[in-house]
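Visitor: Quick one: sequence and predicted model below, then my questions.
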Amino acid sequence: MSRVFCIPGIIFLFCAFVLSFLVSISTPFLPALDIARVHFENQQALVFGDQVTETRFGIWSPCSYSNEGARTCQAAGHGYSVSISNLDRESVTTIGSSWTRGLAVHPVATAVIFIALCLSLSTHVTVTLISSLTSFLAALLTLIAFAIDIALFVFVRHETRDVADIGANTNTAPGFWLTFVSLLLCLLAGCTVCFGRRRDRMSDASYPAATTETKTRRTGFLARFRRRN
């Protein structure tokens, strides 16, 4: 396999792995890389029983911030639920664990990207082909994770709008967009290796034809001298 195509593929996979790995850590360990954020403009929302101004939904836990900047997070775990209400507790909504349990696909996709990255370091044709297929598998898993992120964002946005007097404003967070970038990088890595294999096959197929044509010309040229002799 030509290194002209292998090196970009390795770079794409490495970048995709780093981004996906950071997203997989997420809250409460990396509060800045969450999936969705809800800002409460009126500062009259209750989450975890405390009055907060913002709630962030991560892979392993939600975190809320008070007006003073204090952060409160649930214990990290697979699948969590969040209840949001106004100060009078008359209007309440709950984001159930069924909407957050699927976020665990992120670390699975990260592991597959790492396997594809390790395979891409080989120069063997068969191994690089497996690396290309693994890259597409990683892209598929990342696509599933991104679809789960979209579903969570849409559901949180819909549910928080129904809670009265909290002024909820839901936005996508950095982890959401880093997942999208990882998806594109995995697709580029898989396509790069495929194009490299196709170019190598076409170049190998052109050599016999050129050699045969050269031999034919040489034979015809020598045959003229043989006839004269």
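Guide: Now that the structure is in, tell me what you want to look at.
Visitor: Could you find the closest non-adjacent residue to Arg56?
Guide: Distances taken as CB to CB, 6 or more residues apart in numbering put Asp34 closest to Arg56, at 4.1 Å, once the chain neighbours are dropped. Glycine gets a C-beta too; all of them are placed from N, C-alpha and C.
Visitor: Could you list the buried residues of stretch 155-168?
Guide: Phe155, Val156, Arg157, Glu159, Thr160, Val163, Ile166, Ala168 (16 or more other CB atoms under 10 Å).
Visitor: For it, report the contacting residues that lie outside it.
Guide: When contacts are defined by CB atoms under 8 Å, 6 or more residues apart in numbering, stretch 155-168 is touched by residues 36, 38-42, 44-45, 57, 84-88, 90-95, 99, 170.
Visitor: got it, and stretch 67-85?
Guide: With CB under 8 Å, 6+ apart, stretch 67-85 has contacts from 27-29, 31, 38, 43, 45-48, 50-53, 55, 57, 60-66, 91-98, 100-101, 104, 159-160, 163, 166, 168.
Visitor: Let's see which of these end up in helices.
Guide: Residues of the contacts of stretch 67-85 located in helices (DSSP state H): Glu159, Thr160.
Visitor: Restricted to buried residues, select the contacts of stretch 67-85 in ChimeraX.
Guide: Command for ChimeraX, covering only those of those found buried under the criterion 16+ other CB under 10 Å:
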select :27,28,31,38,45,46,47,52,53,55,57,60,61,62,63,64,65,93,95,100,159,160,163,166,168
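Visitor: follow-up on the earlier one: tabulate the buried residues of stretch 155-168 (CSV), appending pLDDT.
Guide: What follows is the buried residues of stretch 155-168, written out as CSV (pLDDT from 0 to 100):
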residue, pLDDT
Phe155, 95
Val156, 94
Arg157, 94
Glu159, 92
Thr160, 91
Val163, 87
Ile166, 86
Ala168, 88
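Visitor: Leaving out the residues flanking it, which one is nearest to Thr172?
Guide: Spatial nearest neighbour of Thr172, chain neighbours left out: Phe153 (5.8 Å); criterion: CB to CB, 6+ apart.
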